[in-house]
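[1] compute the structure for the input listed below.
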Amino acid sequence: MFVQEIGPKEPRSVSAADINQFVDAQVKRGLKASSINRRVASLHTFFEYLASEVPDEIWPNPVNRRLHSLKEGSLLPRDVSDAAVAALFGVIDDVRDQAIFGLMVGAGLRVGEVVELPLNNLEAPPALDQPARLRVMGKGRKERIVWLTPYWAAIVEQWCSRRPAVEYDTLFLNQHGRPLSVAGIQYRLREYTQKAGVSITCHQLRHTFARRLAEQGMPTEGIGHLLGHSQLATTQRYTAGADPGLRDTFLESMAQMERVPTAPPVSPQLAFAPPRQSEKADTQALETAQARLAHLPAWLATPLTGYLNQCWRNWHPHRAAHNADCLSRRLVRIWDGLLVGSPLTAWESLQRSQVEKWLDELTVEGIQVNTRRGYLGTLFACLRYASDQELPVNPLLFRIPYPQRTDPLPRYLTAEQSQAVLETVLADTHTDTPRHRLDRTWFLTLLHTGIRTCELLDLRLSDVDFASQRLFIHASKNYQPRVVYLTPDLIAALSAYLDQRPRTDDDHLWIDKGQPLLSARVRYCFQRWSKLSQVTVSAHRLRHTLATYLINRGLGIQAIAKLLGHRSLNSTQQYARLLEPTVQKQFLSAMSFIEGIPAPNWPVTRLLDAIPAEQMFDSV
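    Numbers count the residues shown, from 1 in each chain. Predicted structure coming up:
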């Protein structure tokens, strides 16, 4: 495949540019980042092997893992809703198949483990109400013990009583009396899912087993033991979407803020929502961004185009067009500024003093410090890319310090501002028209979950799980998918919206006039509501507001970082601002133990107790 892409070449003549060409071709074919990275790793190993055959010769590996590998991010759990599982088993009328899929969702077995399960590995329980032991040979020939509840054990025993007496000792047989195959089980599951109108795989049943145990508070170590995992990190990928402690604490905190009348959820059209449709980035947007760089000198435009292409490969398709437009404009802004009055003819001619002079000019122009830091970060990224391409870059450039950043001002809304905005939105969307119901619901989603606008627009029907009160976020800014939780009022609003959502083949959650909701509509609504309420409001301010509210209601900063999708707690600290009454209350509570003086005996606590929760945002 590599040779087909770059043509017949001697191994020594293969360059980093050839590897770039290969990776770009794989991206255009629509391969996943994990598949491309495996192929890049294979190429890296191959060239390392060739170099080891001539250890005394200089033969640099053309594969640069940092340059050529794509960002994979982390994966959300692949479990399915309890309603979908119930629908599946509602159409399975064969006791053998009930036992097969019951071992997956009731004991967490892999499909291969079910196929190889011997007939006599199930031990009878000591009593009818006790679990049964089942010995399973897992991956890597590692044997483990799993437990079957009386319900699933009875179904397996029922199949055993009907199983034909044949020479094979495997538990499950096909219609010809021979052992079942993995493909045979998968074929049967596809038949049942089509009949039930759901989309489920064998491995998703295993994930669902893990999620159910985690929701009941079972420790990760125990779940990993039942699943046959040697690494807890693997188990965490199965249970990442089930955090009952965080969910309950979040819902308890949010219960103090609910202002939307709660209504019983209606039957939503996403009860058995289809899986997320694959999405391809708009390559025309990439071509437009590349054309924007064409006016730059050739020695500069070619590497910058390569850098833009590299970034494009790592962007989520939902954000790629927007990111390409922003990055190309930023590159033009940076290099046009550096080229003005500077005799730059090659990469090595760029000096540190020229860059520092350019940064000073930006300061004089009134460019904010965060913007200047962003420009410098982009410049460093370009220089690193050029260096990876073996272009002569002055190493002193990387010693330029970032402009000093000051502590940003709080961006959350006070209680009065939040109330004013909420009342404005509800009044402006009071009718029951499809568009008003749409605008009202996506606003409440931002208010109650703190997700970003890009994450809001990428939501699909299958991302909503009413049964577990969860919302799956895939198109995260930092490529880290996560789970956020639905409050009762948000569930009611979503249910009402879905009851009137237009029927369409598009799986986007938000449909506006037959098309997916656009960011332009979101911006327009926020501008309108800001004018009507006399409060500047945006999705980002709602995100800050939720974080500040939660930390002052006692939710830990690590939990808030997990909800917001932050990699660094430093980022979360900029969002979640502790207010003075909260700090006082925490101090008094701690001192009551340190000094041995009950906190209620301190006179100042009467002042704290007099502050209602809804007025906590009044003080800074």
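[2] pick out the residue nearest the middle of the chain.
    Nearest to the geometric centre of the chain sits Pro481, at 1.0 Å (C-alpha atoms, centre = their mean).
[3] can you map out the strands along the stretch 451-600 of the chain?
    464-465, 470-473, 482-485, 511-512, 515-516 (DSSP state E, counting those that start in this stretch).
[4] ok, the fourth one: who's next to it in the sheet?
    In this case it means strand 511-512. Pairing partners of strand 511-512, with direction, according to DSSP bridges: strand 515-516 (antiparallel).
[5] over to the third one?
    The strands beside strand 482-485 in its sheet (DSSP bridges) come out as strand 470-473 (antiparallel).
[6] on that earlier part again, what would the strands of the stretch 451-600 of the chain look like in JSON lines with mean neighbour count and distance to Ser15?
    C-betas here are computed from N, CA, C, even on glycine. Below are the strands of the stretch 451-600 of the chain laid out as JSON lines (neighbours: other C-beta atoms under 10 Å; distance: least, C-beta to C-beta, whole Å):
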{"stretch": "strand 464-465", "mean neighbour count": "22", "distance to Ser15": "47"}
{"stretch": "strand 470-473", "mean neighbour count": "22", "distance to Ser15": "39"}
{"stretch": "strand 482-485", "mean neighbour count": "21", "distance to Ser15": "39"}
{"stretch": "strand 511-512", "mean neighbour count": "18", "distance to Ser15": "47"}
{"stretch": "strand 515-516", "mean neighbour count": "15", "distance to Ser15": "41"}
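[7] these: which one's closest to Pro401?
    Checking these against Pro401 by C-beta to C-beta gives strand 482-485 as the closest, at 33.2 Å.
[8] buried residues in stretch 302-322?
    303-316, 318-321 (16 or more other C-beta atoms under 10 Å).
[9] what's the nearest residue to Arg330 if we skip its chain neighbours?
    What sits nearest to Arg330 in space, not counting adjacent residues and going by C-beta to C-beta, 6 or more residues apart in numbering, is Thr378, at 5.6 Å.
[10] got it, and Ile6?
    In space, Ile6 is closest to Asp18, 4.7 Å off (C-beta to C-beta, 6+ apart).
[11] contact partners for that neighbour?
    By C-beta atoms under 8 Å, 6 or more residues apart in numbering, Asp18 lies in contact with Ile6, Lys9, Pro62.
[12] just the buried ones among those, please.
    So, of those, Ile6, Pro62 end up buried under the neighbour-count rule (16+ other C-beta under 10 Å).
[13] can you put the contacts of Asp18 in JSON lines and add secondary structure?
    Output for the contacts of Asp18, formatted as JSON lines (DSSP: H, G, I helix; E, B strand; the rest coil):
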{"residue": "Ile6", "secondary structure": "helix"}
{"residue": "Lys9", "secondary structure": "coil"}
{"residue": "Pro62", "secondary structure": "coil"}
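[14] any idea which element Gly341 lies in?
    Under the criterion DSSP states H and E, no helix or strand holds Gly341.
[15] count the residues that sit near it.
    Look at Gly341: counted by other C-beta atoms under 10 Å, it has 10 neighbours.
[16] and the one 4 residues further on, by the same measure?
    Burial of Thr345 is recorded as 11 neighbouring residues (other C-beta under 10 Å).
[17] residue ranges with poor pLDDT in the stretch 451-600 of the chain?
    Residues of the stretch 451-600 of the chain meeting the criterion pLDDT under 70: 478, 578-580, 582-600.
[18] phi, psi for Leu173 please.
    Main-chain torsions, Leu173, degrees, to the nearest 10: phi -120, psi 160.
[19] no, scratch that, I was asking about His176
    Per degrees, to the nearest 10, the backbone of His176 is at phi -100, psi 10.
[20] what about stretch 147-155, distance to the chain center?
    Per C-alpha atoms, centre = their mean, to the nearest Å, the displacement of stretch 147-155 from the mean C-alpha position of its chain is 35 Å.
[21] for stretch 199-209, same thing?
    Remark: stretch 199-209 is offset 19 Å from the chain centroid, using C-alpha atoms, centre = their mean.
[22] now do stretch 552-560
    With C-alpha atoms, centre = their mean, you get 20 Å for stretch 552-560.
[23] next up, the contacts around Ala386.
    Ala386 makes contact with Pro303, Tyr307, Trp347, Val393, according to C-beta under 8 Å, 6+ apart.
[24] quick check, nearest of those to Arg39?
    Lowest distance from Arg39 to the contacts of Ala386 (C-beta to C-beta) belongs to Tyr307, with 21.7 Å.
[25] in what helix or strand does the closest one lie?
    Here Tyr307 sits within helix 298-314, counting by DSSP H and E.
[26] got a list of contacts for that helix?
    20, 23-24, 27, 33, 67, 70-71, 281, 286, 289-290, 293-296, 320, 323-324, 327-328, 331, 335, 344-347, 381-382, 385-386, 389, 391, 479.
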